[in-house]
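Peer 1: what's the 3D shape of this:
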Amino acid sequence: MEDYLNKNFGDIKPKNSSNEALQRWRKLCGVVKNPKRRFRFTANLSKRYEAQAMRRTNQEKLRVAVLVSKAALQFIHGITLSNEYTVPEEVKAAGFQICADELGSIVEGHDIKKLKIHGGVEGIANKLSTSTTNGLTTSEDLLKRRQEIYGINKFTESEVRSFWVFVWEALHDMTLIILAVCAFVSLIVGITMEGWPKGAHDGLGIVSSILLVVFVTATSDYRQSLQFKDLDKEKKKINVHVTRNGYRQKISIYDLLPGDIVHLAIGDQVPADGLFVSGYSLLINESSLTGESEPVGVSVENPFLLSGTKVQDGSCKMLVTTVGMRTQWGKLMATLSEGGDDETPLQVKLNGVATIIGKIGLFFAVVTFAVLAQGLFSHKFQEGTHLSWSGDDALEMLEYFAVAVTIVVVAVPEGLPLAVTLSLAFAMKKMMNDKALVRHLAACETMGSATSICSDKTGTLTTNHMTVVKACICGKIKEISRSMEASSLSSEIPDTARKLLLQSIFNNTGGDVVVNKDGKLEILGTPTESALLEFGLSLGGDFHAERKQSKLVKVEPFNSMKKRMGVVLELSEGHMRAHSKGASEIILAACDKVIDATGEVVHLDEASTNHLKDTIEQFASEALRTLCLAYMEIENGFSDNDSIPATGYTCIAIVGIKDPVRPGVKESVAICRSAGITVRMVTGDNINTAKAIAKECGILTDGIAIEGPDFREKSNEELHELIPKIQVMARSSPLDKHTLVKHLRSSLGEVVAVTGDGTNDAPALHEADIGLAMGIAGTEVAKESADVIILDDNFSTIVTVAKWGRSVYINIQKFVQFQLTVNVVALIVNFSSACLTGNAPLTAVQLLWVNMIMDTLGALALATEPPNGELMRRSPVGRKGNFISNVMWRNILGQALYQFVVIWYLQAQGKPLFHLDGPDSDLVLNTLIFNSFVFCQVFNEISSREMEQINVFKGILKNYVFVAVLTCTVLFQIIIIEFLGTFANTSPLTLPQWFLSVFIGFLGMPIAAVIKLIPVGSK
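Peer 2: A predicted model of the protein is given here:
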């Protein structure tokens, strides 16, 4: 079976499967009882094709718009433009001078001519009653009027489907429809023959069973849909920095309005259509909107920013002009959201299992009906009544047909693929509470197979709360654990060195110091930038005063490839100065001078170089992150088109930044080790810092630590030998991380999880089996490329995700084992009985109840089992593990053999065993068989909680769902036997009969325990 599944249903990957592969497996699915339900949680391929077509249209529109705007620029140069635009009355009345359609046509159409007519960006801001400096004024009345005129920043989503929609979909089950027709015919014939109410019992029994199945199924499906809806809301929570009322603040993108001033940096998603106000080196990736991967430069000359695009480099201030469904991104997202998530490999595999068993079941059902019908024909032929048919004969034939159809109901395990969804929905909801947001369903189950985790250091293994604790300035090393020590350091530094240091800290930064609503200073920016700014303030520096003393000419933002950031300043005296900061050894290598103890600039000789290198080593060995700050004077002819010089700098200072290891990380790494998961640290930091932290975390044990530049020079053969031993990679670039992941997956067959937070991590997150983005430090680009977002940026949460992933995988295996056992027994019992005795012991109503126990209720009980500590003591499944393992086949066949032997024995010897005689003996015996069969499933469900362990009761009372399902099953079974006999073809049983049928079921548990002792191969 596994070979068949891998061949026909195995080309679906955990992510990035082709539409052709998704289409192929759908065509292979035969014997589908209810397509609406079976394929509910699969991708809507037609909507995806629609979205692709929309992207192509956008690409063409933008291409034309850019060409037109270029032509317009040449045409309007030096021409006075006339304004023919008329402001609609309702817009005027609301206090604005431009309507939403006009704004949309300017930005979406890249219409430079219209923009000039309206007075450029400042003119548009005035017409929107906003300020490019202070942003919107947020009085309730103004915001409401703005919303009415321009709309809100949300796209249309599909409505939440009501419970009755799920009832309607459950009724589309073909076998239930056929059974309903049988019930209807049975009612007519029965009432005609025996009158009301006696003649209606069989028909009403089937109808009641159908309704019970439909409502239980619909309730389960409806609850799942609500869980997914909640998770979708969480996925879409994105905050942006805006200026409102003159203050920088964070708001949800859904609260953005035209007129808002948004601050964008590397990795951010442009939250609405807008215009560039000011910024540096801005490169925008428009591939998400147009499919075009070449980045576009945005500046004052080309100021158009489109919603949904990503900031690839640089930073800017943007004026929002168009929001929500008025943007192309809004329309695209509305279509994409209907496209749905890709189905997971397990869903597809279990669709394959359902198809195989469905075909077998259909064959058995046809043969069963043929055998039963042939028996009736033979009987009538022997009596010579084959030409005259009574109502009873018709009812009997109808009952045979209903039994055959019900065998198909039981045999086609429609619930298998849906059990995956149920288990994933349950796990995703619980993981959300554990600070992990799953963006793609498949990540949940893939994480259970993970064999390797490549983790960042900063913010994941460490707390990301950074402070400058040591500094080497003018050749002196000083510890700075309190602001008092920083201020005393300030008095010890020569005045010229102090001024240069503060100029470097406050100008060469991606952070900001703002006054918040309470009038207090607040530092904004990454933890590293915040630590440096805090250090600058503690030295007595004034951020805003320092910024006013010079003009920024060019900014080259930090990125993980260059590992440095640079700015060029035009000073008040008129000359130019460049500042650079970044990885200590890289910046120090670019220096040829240093500031000495007297504050003088001197040549960097060998002794000074060695002293600074030793200082870097010393800081790094204490697990400090080291940064070097440097400057150089440059000639006045520098323009913003020139590159900032790479060498010739003067070293100002080396700072050591403390970022403590997170509590619990060492224990989590140890858990991973015991679970067979290798943890590797991949960081851009100095190798000594990385080694010190890795040892503290328990990552670096007997393996090796390597630097990115050395790693890059290795051949493929060397990498194949080296990679299994690597535990730490320092000074790595995003490309190194991508190469490492690729080799681990392709050459070594590992299932790899990778963490990332920056824009440049996106390729590695995309390449990995499971991409884990950081929720706090992560950019929007990283989050969009990831499969799971770690909301608290904590490594321990990653271990929780792995535990839940394993739980999902094992829970589904348990459910499959349980359901296949019921399938096999129900099929063989009814088929063999029909062939050998001429009648089926389990009626249509009884089989429907059994189907509900093993399908919806079984999935609820077994697929929602929470994870336990034992899961992380097993070896990972890895890439090659068979889903239906030998252990499962052993348990299925052993339990099925026991159940079949018991039921067959009851059928053959039940009457003398229970001393049954009289007219009702057949009915009582069939009731006993039905009751024993159901209790076999009840106790088998308990045995299925553990596939290899003998103790199946451990933690059973903690799983309330399991206990509730089991209790409801037993109670309803008692009601069916004792009170619903006329509808379910059962007879009330005596206490000894109850005891024996329950005991037969219970006996399956010790037998299951003995079966578990039989050794089988791991596959």
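Peer 1: what sits against Ser307?
Peer 2: Neighbouring residues of Ser307 by Cβ atoms under 8 Å, 6 or more residues apart in numbering: 270-273, 289, 322-323, 327-330. Where C-beta positions appear, they are placed from N, C-alpha and C, glycine not excepted.
Peer 1: can you redo the residues you listed as CSV with neighbour count and secondary structure?
Peer 2: Formatted as CSV, the contacts of Ser307 follow (neighbours: other Cβ atoms under 10 Å; DSSP: H, G, I helix; E, B strand; the rest coil):
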residue, neighbour count, secondary structure
Val270, 29, coil
Pro271, 28, coil
Ala272, 28, coil
Asp273, 28, strand
Leu289, 23, helix
Thr322, 27, strand
Val323, 30, coil
Thr327, 27, coil
Gln328, 22, helix
Trp329, 24, helix
Gly330, 21, helix
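Peer 1: which helix of this protein spans the most residues?
Peer 2: If you go by DSSP state H, the chain has its longest helix at helix 795-837.
Peer 1: what's the angle from the helix or strand following that helix to helix 795-837?
Peer 2: Going down the chain from helix 795-837, the next helix or strand is helix 844-852, by DSSP states H and E. Relative orientation of helix 844-852 versus helix 795-837 (axes from the mean of the first three to the mean of the last three Cα atoms, to 10 degrees): 160 degrees.
Peer 1: so what touches helix 844-852?
Peer 2: Outside of helix 844-852, the residues within contact range by Cβ under 8 Å, 6+ apart are 179, 182, 205-206, 208-210, 212-213, 216, 399, 402-403, 405-407, 409-410, 822, 826, 830, 842, 930, 933-934, 937, 972, 976, 983-986.
Peer 1: same thing but 6 Å
Peer 2: Outside of helix 844-852, the residues within contact range by Cβ atoms under 6 Å, 6 or more residues apart in numbering are 205-206, 209, 213, 216, 402-403, 406, 409-410, 930, 984.
Peer 1: max pairwise distance over those residues: which two?
Peer 2: Farthest-apart pair in the contacts of helix 844-852 is Val216 and Val403; separation 21.8 Å (Cβ to Cβ).
Peer 1: more crowded one of the two?
Peer 2: Neighbours were tallied for Val216 and for Val403 using other Cβ atoms under 10 Å; the higher tally belongs to Val403 (24 against 17).
Peer 1: between helix 795-837 and whichever strand or helix holds that one, find me the angle.
Peer 2: According to DSSP H and E, Val403 maps onto helix 391-411. Interaxial angle, helix 391-411 versus helix 795-837 (the same axes, to 10 degrees): 150 degrees.
Peer 1: which parts of helix 391-411 are buried?
Peer 2: 394-411 (16 or more other Cβ atoms under 10 Å).
Peer 1: contacts only, for the residue lying farthest from the centre of the chain.
Peer 2: Within the chain, Gly384 marks the point farthest from the mean C-alpha position, 68.8 Å out by Cα atoms, centre = their mean. With contact set as Cβ under 6 Å, 6+ apart, Gly384 has no partners.
Peer 1: next one, pLDDT for it please.
Peer 2: In this model, Gly384 is scored at 71, pLDDT.
Peer 1: you'd agree Lys725 is up against Ala705?
Peer 2: No. Using Cβ atoms under 6 Å, Lys725 makes no contact with Ala705, being 10.1 Å away.
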